[in-house]
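Student: just coords:
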């Protein structure tokens, strides 16, 4: 099958049969997606039957540890990285904070880091604070009209002093997809490490991290249909260079070196349900049972992308024709993910509140991208209206959102 079976998809999400949510269309997926049934089932099972300290000698403990290992192995395989290169933490913001502490120990005067003003603050502020330790902070600025990052502008910032380049796969405001592999290749040409924030991209399809050539790739499982965890892939050779951030006696355990507080056992184990869901989609759409995990993820990614682009088309056409609406980012569905931010004459949150009265669940504000909005000439208090959706969104819901926008605006 080359077309996403939306009816099958929606049966995989209990939220769509929840009475309290009936009649409401969910357009704030960039803030967190609905959890899929396999994740919820695994989480419930863990709390009911395995909620003990894992990796012990007794049966419940052994199973608990095995389910955590399963999550590492299966998600790593989907992302095309080794299991010991995948790390869980309480959130992506916390993960980048821990990483910044590690880099602070090996960087100092004479070193430089490149950050953007397109990022969510989680992949910006922690790196900028390295300036307090004498590290030079260089800013890769967006175009003030489009919000896009030009790779030519990055070239000007790079030299042998640059140790780290931090940027998003796509912005949680702009939505336009950045050429990650090209950016990583350019950064690597001067010996720099790359840290890619994939939080706003991964919900629309799990990437092949190896193909992207990213040294660090971060995303949030609660935005990819899972529990509230942050997930990061760190290349093994880079992780070995960074100082241990966990307990000293765990310094030789690769998956414990960047989790100072220890993992949330149940939520890590439940994350294997994300892989269950991707595999179920692959099988339902005729995928070969012998396909490798990354190939399954890639095939599902293609189904998701095609469906989401079809969903975007009528909404983008409506926005082009609507006066007084500034769409941030590309208006071409082939160049972006369906995270659409609108600058209006009224504050974004005010319009989101009005849409809620029409059973459209959307968001308004700055979404932790204050620097980006300021670069675009938008006050953070005024903010934007954000309509974000994913592959489980129905075309009828998009039509309802357009009618509600027409009424509210």
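Tutor: Structure's in. What do you need? This structure is a prediction, so every number in the text was calculated from the model and none was measured.
Student: State the three-state secondary structure for the closest residue to residue 345 other than its chain neighbours.
Tutor: Residue nearest to residue 345 in three dimensions, not counting chain neighbours: residue 324, with 5.9 Å by Cβ to Cβ, 6 or more residues apart in numbering. The C-beta positions use only the backbone N, C-alpha and C, and glycine is treated the same way. What DSSP: H, G, I helix; E, B strand; the rest coil gives for residue 324 is coil.
Student: Report the buried residues of the helix or strand hosting residue 299.
Tutor: Using DSSP states H and E, residue 299 falls within helix 293-321. Counting neighbours by 16 or more other Cβ atoms under 10 Å, one finds that the buried residues in helix 293-321 are 293-301, 303-305, 307-309, 311-312, 315-316, 318-319.
Student: Pull up the pairing partners for the helix or strand just after that helix, direction included.
Tutor: Helices and strands here follow DSSP H and E; after helix 293-321, the next one along the chain is strand 326-327. Looking at strand 326-327 with DSSP bridges, its partner strands are strand 339-343 (antiparallel).
Student: Now tell me what touches the strand it pairs with from outside.
Tutor: With contacts defined as Cβ atoms under 8 Å, 6 or more residues apart in numbering, strand 339-343 is touched by 30, 170-175, 200, 312, 315-316, 319, 325-329, 348, 367, 376, 378, 384-388.
Student: buried stuff in the helix or strand just after that strand?
Tutor: Downstream of strand 339-343, the first helix or strand assigned by DSSP H and E is helix 348-356. Residues of helix 348-356 classed as buried by neighbour count (16+ other Cβ under 10 Å): 348-349, 351-352, 354-355.
Student: Among those, which one sits closest to residue 42?
Tutor: Of all the buried residues of helix 348-356, residue 42 sits closest to residue 352, with 32.6 Å by Cβ to Cβ.
Student: so what's that closest one closest to, chain neighbours aside?
Tutor: Excluding the flanking residues, the one nearest residue 352 by Cβ to Cβ, 6+ apart is residue 364, at 3.6 Å.
Student: ok, now residue 342?
Tutor: Closest residue in space to residue 342, ignoring its immediate chain neighbours: residue 385 at 4.6 Å, by Cβ to Cβ, 6+ apart.
Student: The strand or helix carrying residue 7 packs against which elements?
Tutor: Here residue 7, judged by DSSP H and E, is contained in helix 6-11. On a contact count with 3 or more Cβ pairs under 8 Å, 6 or more residues apart in numbering; DSSP states H and E, helix 6-11 meets helix 272-284.
Student: Mind giving me the packing neighbours of the helix it packs on?
Tutor: helix 6-11, helix 37-49, helix 59-79, helix 293-321.
Student: what's the spacing between the nearest residue to residue 204 once chain neighbours are set aside and residue 78?
Tutor: Spatial nearest neighbour of residue 204, chain neighbours left out: residue 337 (4.7 Å); criterion: Cβ to Cβ, 6+ apart. Relative to residue 78, residue 337 is positioned 18 Å away (Cβ to Cβ, to the nearest Å).
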